[in-house]
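Enquirer: Next input, structure requested:
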Amino acid sequence: MIDLRRLRYFLVVSDELHFGRAATRLHIAQPPLTRQISALETELGFRLFDRSTRNVSLTSEGRHFLPYARAVLEQVDLTASITSKLAAGSAGHLAVGYASSIALSDTFSQTIRAFCSAYPDVQLTVEEGASSTQWSQIIEGRLDIGMSRMQPPTESAEIQVICLDNEPLVAAIPSDSPLARQEQLSLAELSAYPLIAFPTDYGSGLNDIIETLYRRQALTPLPGPKGKQITSIIALVAAGRGVAVVPQCTQTLAMRGVTYRPLAEDGATAPLLVLTRTRERSPLVKAFVEMIERTVRGQ
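Expert: Okay, the predicted model is just below:
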């Protein structure tokens, strides 16, 4: 294996084309430098420099070898840098799962922006999915962090839950509906129309919250079409297929034919939950969670 120190000596001599100046840059005496270059030439099996009493120049072989030597040392330096950053917790990979409605919030976009700016060497992966699917993915290590609307089962001691916020829910209704003329709406008024929601077996935390709200009012929603994403739910509202109850951040989907109105009921909110492994020690996970907390506090 080629001695990396000799490669560095070769690069300096090739820059200076003068052994004396190269030795000064390297903080060594000239004779040891000359011996190291000769040893490298012996190791490689060809001369790197043509030497005379007055001039030093690269041989044809030396000129061809130079970019390869430079690339090797650049890769070594890069590896050392990444190793140092990994040890310090400022590089690596982070996988974040999120419920579809959360991606529409300022909290989500601002946190991603701030984290990527502060940790440019981190490979960040974001994955949309139902709240209930995040639990097993976090426990198994496929996700490092979950951003969810649904509390894990009480027996999931392996998952730590932080509730950062409670976001108001609003009604999404067709703009040509008589309901659009009102300033706010009650669930009793909405219950006369088909309720567009996520599929029953999708594992949506939002579905559970909405069902609980209707049940508290002793109401049974009319079943309506299903959508697996918040965007498809709003598109169905625009198509006049029913009404929906969605987090306030959904109003960023300013789709033609959809009007949003606040709900009259107290406590009509959806939580923003951050999920991690209970015994998580990763500095990157800690940093991302702190970014979310700062973003929520700043809003």
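
Enquirer: Tell me where the stretch 51-200 of the chain has strands.
Expert: Counting by DSSP state E, counting those that start in this stretch, the stretch 51-200 of the chain has these strands, from start to end: 56-58, 92-98, 122-128, 145-148, 159-174, 194-197.

Enquirer: Buried deepest among the ones you listed, which one?
Expert: Ranked by mean neighbour count, the strands of the stretch 51-200 of the chain are led by strand 145-148 with a mean of 26 (mean count of other CB atoms under 10 Å). Just so you know, the C-beta spots here come from the backbone N, C-alpha and C atoms, and that holds for glycine as well.

Enquirer: ok, and what's touching it?
Expert: For strand 145-148, the external contacting residues (CB atoms under 8 Å, 6 or more residues apart in numbering) are 94-99, 102, 108, 131, 134-135, 137-138, 205, 272-276, 285, 288-289, 292.

Enquirer: ok, 7 Å please
Expert: Outside of strand 145-148, the residues within contact range by CB atoms under 7 Å, 6 or more residues apart in numbering are 96-99, 102, 108, 131, 134, 138, 205, 273-276, 285, 288-289.

Enquirer: okay, residue 208: pLDDT?
Expert: Confidence at residue 208, expressed as pLDDT, is 90.

Enquirer: Equivalent analysis for residue 91, please.
Expert: According to the model, residue 91 carries a pLDDT of 57.

Enquirer: now swap in residue 85 and tell me
Expert: Confidence score, pLDDT, at residue 85: 60.

Enquirer: likewise the one 3 residues further on?
Expert: For residue 88, the model assigns a pLDDT of 59.

Enquirer: Let the chain start at 3 from now.
Expert: Got it, first residue is 3 now, which makes that one residue 90.

Enquirer: The strands of the stretch 53-202 of the chain: which one's closest to residue 260?
Expert: strand 161-176 (5.6 Å; CB to CB).

Enquirer: Now do the closest one: which elements does it pack against?
Expert: Applying 3 or more CB pairs under 7 Å, 6 or more residues apart in numbering; DSSP states H and E, one finds that strand 161-176 contacts helix 133-141, helix 232-240, strand 246-249, strand 260-264, strand 271-279, helix 285-300.
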